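In: generate a structure from the sequence data that follows.
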Amino acid sequence: MYGIPVRQLQAMLTSRDFAELLAYERIEGPVGPWREDFRFAALRFELHQLARALGRVKGKAPRIEDFMPGWWRTAEARRYPGRAAVMAKLEGWVTTHRAATGTG
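Out: Below is the predicted model:
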């Protein structure tokens, strides 16, 4: 799920930490290497930029967010009071993980 074997992830996180990661995904959307929605949005954005450069597309230049699915735009996700705390916890976990594995 996070590029780590389940047993190793269980050894690294408490059940509360894992629940917070799941909550984060419910708010922000999926994370991990399978993040195809972002990859396809980036591809569509680049193709659109190419079409603009070739004069095939007119109008206001889009942002990459314009090509993303709408799951992250929900009013509920923006109102979620624990969003900053979940983000901080996730960033702390990523920093610790990278330090432990030497990947960052």
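
In: CA only for contacts and neighbour counts going forward, please
Out: OK.

In: who are the packing partners of the helix or strand harbouring Arg16?
Out: Here Arg16, judged by DSSP states H and E, is contained in helix 15-28. Judged by 3 or more CA pairs under 8 Å, 6 or more residues apart in numbering; DSSP states H and E, helix 15-28 is in contact with helix 83-101.

In: what about 10 Å?
Out: Helices and strands touching helix 15-28, by 3 or more CA pairs under 10 Å, 6 or more residues apart in numbering; DSSP states H and E, are helix 6-12, helix 75-79, helix 83-101.

In: Asp37 is nearest to which of those helices?
Out: In terms of CA to CA, the element of these nearest to Asp37 is helix 75-79, at 17.8 Å.

In: let me see the mean pLDDT of that closest one.
Out: Mean per-residue pLDDT for helix 75-79: 56.

In: what pLDDT is listed against Val31?
Out: Val31 is assigned 68 on the pLDDT scale.

In: Ile60 and Phe45: what is the separation?
Out: In this structure residue 60 is Lys, not Ile. 13 Å (CA to CA, to the nearest Å).
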